[in-house]
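1. Quick check, what structure comes out for this input:
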Amino acid sequence: MSKSIGFRNSGKLDIGGKGLEYGLVVVLGAIIILAAVVIGTQFFGGGGGGSEPPTEYRVKCLKCGEEWMIEPKEVGKYQREVGRRAMGVDCPKCQTRGSVFIMSQCPKCKEYYMPKSITSPDSAAPGDQDVCPKCGTNLREWWREHNKRR
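-> Prediction:
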């Protein structure tokens with residue numbers, strides 16, 4: 001005995017029972033939810049494998065050696081560039097003009113340091129300007145490897 005497929009007067013497809021209709025609705029709902037989760041995870045950074053953004057940054061005066069922490073909202077005033085060179089801001093401790101810069105933090109050993117691109121921009125080779133002086137980690141390579149899509 002075969003079941004007939006057709007439209008009832010109500011406009012619903014009649015495949016032989018409500019159980020199949022409910023099953024299809026559940027399967028389609030699950031597919032939609034799964035797609036939304038996958039898209040949301042990719043859109044909001046779940047696939048990058050990166051770390052959380054810093055809650056504070058360390059700055060240093062190259063003249064007097066003072067170091068202190070700043071909030072992320074203050075970063076803009078410390079990141080000035082002229083051409084391809086970083087420009088420092090004036091030190092509030094020793095009053096030296098253009099001597100304060102944001103330090104880099106090694107993601108591996110967590111040590112703060114001043115990149116060679118700031119301390120000696122003319123002698124820094126492109127490949128060694130982002131290398132941690134404590135553990136030798138190249139920041140560009142480290143971030144490139146740890147931010148790959150999985």
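
2. before we move on, which element is residue 55 in?
-> Following DSSP states H and E, there is no helix or strand that holds residue 55.

3. neighbours of the closest residue to it other than its chain neighbours, just the number please.
-> Nearest residue to residue 55, sequence neighbours excluded (C-beta to C-beta, 6 or more residues apart in numbering): residue 72, at 7.1 Å. C-betas here are computed from N, CA, C, even on glycine. Residue 72 has 11 neighbouring residues, counting by other C-beta atoms under 10 Å.

4. My read is that residue 72 contacts residue 79, right?
-> No. The criterion here is C-beta atoms under 8 Å, and residue 72 misses it with residue 79 at 11.5 Å.

5. What segments of this structure are helices?
-> Counting by DSSP state H, one finds helices in the chain at the ranges 18-43, 75-78, 116-119, 139-146.

6. contacting residues for residue 56?
-> 69, 70, 71, 72 (C-beta atoms under 8 Å, 6 or more residues apart in numbering).

7. If we use 6 Å, what do you get?
-> Residue 56 sits next to 69, 71 when contact means C-beta atoms under 6 Å, 6 or more residues apart in numbering.

8. Check the gap between it and residue 135 for me.
-> Computed as C-beta to C-beta, to the nearest Å, the residue 56 to residue 135 distance reads 22 Å.

9. swap in residue 142?
-> Distance of residue 142 to residue 135, given as C-beta to C-beta: 10 Å.

10. more crowded one of the two?
-> Taking other C-beta under 10 Å, residue 142 and residue 135 do not tie; residue 142 has more neighbours (16 against 11).

11. for that one, what are its contacts?
-> Contacts of residue 142 by C-beta under 6 Å, 6+ apart are residue 107.

12. Kindly recompute the last result at 7 Å.
-> 107, 108 (C-beta atoms under 7 Å, 6 or more residues apart in numbering).

13. deepest of the helices of the chain, which one?
-> Scoring these by mean neighbour count under mean count of other C-beta atoms under 10 Å gives helix 116-119 as the most buried, with a mean of 16.
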